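# Need a 3D model of the sequence below.
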Amino acid sequence: MKFVIKTKDRVDGLRKDTYALLSKYGVSQSDIYLFVSSNIDYDAYTEAYPDATIVLGAKGIVGIDNFIVNYFDEGDKYIYMNDDVSGIYKTGEKKKVELTNDEFYKLIDDMFNQLDKYGFTYSALYPCDSTMYMNNAKEFMYDLCLCMDPFSAIINNKNIQLTEFHVYDEDGEHFVGDKSDVEKSLLHFLDKGGLVRFNKFCIKCKYGNQNRAGGIIGRTRQTEEQVCDLFKLKYEEHIKYVRMKKDGFSDIRLKRLKSVINK
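Residues are numbered from 1 along each chain as shown. Below is the predicted model:
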């Protein structure tokens, strides 16, 4: 199985987070593909991870995501990850429980088995790590819903091309925004008629941080609002609402469309 990781300026951070996690589960470095966006990173990661496959791709989150889709053949299977994932958990009665080695590989097998069964191309885990919410959720969701992509099972689908939303911050600095998780969920659903979310599993990662530890550099409340406005223009018929949270980030809720297996 290929493990595909997009990463930038985090040679040491990757080793402490996603790489350490994969190493714990016995993933060989030869099965890891690291996608970077600069020659400096290419050299640094090549030296630090000599047995992994280092690929120099496009710049930006959207650019590198689209590059990855175009890099692999149609139908190739891989686990897509961010570089700041430090845990994978299942729900328990009172608290989440980290997966054992066998459970880790069974989860991956189950994700791809579900995709193969229904002809879908995108599967991910519950978008937050709340045991209460996970315990109350159905085991699987196939209808249109948010699938966060830091740990996701992909059957490569070249129809999935994300949008770069070009905006400017309050200082007039150019910023390329994205709503990649939301757009990726929507595009996979529209193309195949469904997706698979495993609601009894979640990850630990650095969602939303605006620093080198993780998250999107340069994102502000102003850029979030502008990107959301552009996203609404493009996908208005599929959006239930957009809410700006107190922390300056957005919550885009998609309309609940039925999958082809639930109609």
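# Next secondary structure element downstream of whatever helix or strand Lys232 lives in?
Assigned by DSSP states H and E, Lys232 belongs to helix 221-235. On the C-terminal side of helix 221-235, the nearest following helix or strand under DSSP H and E is strand 239-244.
# Just the buried positions in that following strand, please.
Ile239, Val242 (16 or more other C-beta atoms under 10 Å). C-beta here means a position set from N, CA and C on the backbone, and glycine is covered the same way.
# spatially speaking, which residue is in the middle of the protein?
Centroid-nearest residue in the chain: Asp149, 1.6 Å away (criterion: C-alpha atoms, centre = their mean).
# so is that one in a helix, a strand, or just coil?
The three-state label given to Asp149 by DSSP: H, G, I helix; E, B strand; the rest coil is strand.
# any idea of the pLDDT on it?
The per-residue pLDDT reported for Asp149 equals 91.
# Contact partners for Glu98?
By C-beta atoms under 8 Å, 6 or more residues apart in numbering, the contact set of Glu98 is Gly87, Ile88, Tyr89.
# same thing with Lys255?
Contacts of Lys255 were listed using C-beta under 8 Å, 6+ apart, and they are Leu144, Glu237, His238, Ile239, Lys240.
# Mind giving me the packing neighbours of the lowest-mean-pLDDT helix or strand in the chain?
In the chain, no helix or strand scores lower on mean pLDDT, DSSP states H and E than strand 174-177, which sits at a mean of 72. Judged by 3 or more C-beta pairs under 8 Å, 6 or more residues apart in numbering; DSSP states H and E, strand 174-177 is in contact with helix 61-71, strand 165-168, helix 221-235.
# which other residues reach whatever helix or strand comes next after that strand?
Sequence-wise, the next helix or strand downstream of strand 174-177 (DSSP H and E) is helix 180-192. Helix 180-192 is contacted by residues 61-62, 65, 119-122, 124, 144-149, 157, 159-163, 195, 231, 235, 238, 252, 254, 257, 259 when judged by C-beta under 8 Å, 6+ apart.
# Now whichever helix or strand comes after helix 180-192: buried residues?
For helix 180-192, the following helix or strand on the C-terminal side (DSSP H and E) is strand 196-198. Within strand 196-198, the residues that count as buried by 16+ other C-beta under 10 Å are Val196, Arg197, Phe198.
# Just the contacts of Glu98: which are in strands?
Taking DSSP state E as the definition of strands, those contribute Gly87, Ile88, Tyr89.
# will you turn these into TSV that also has distance to Ser28, neighbour count and pLDDT?
Compiled in TSV, these are given as follows (distance: C-beta to C-beta, whole Å; neighbours: other C-beta atoms under 10 Å; pLDDT from 0 to 100):
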residue	distance to Ser28	neighbour count	pLDDT
Gly87	20	16	97
Ile88	18	22	97
Tyr89	23	21	97
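# Just the closest of those residues to Tyr33, please.
Comparing the ones in strands among the contacts of Glu98 against Tyr33 with C-beta to C-beta places Ile88 closest, at 18.9 Å.
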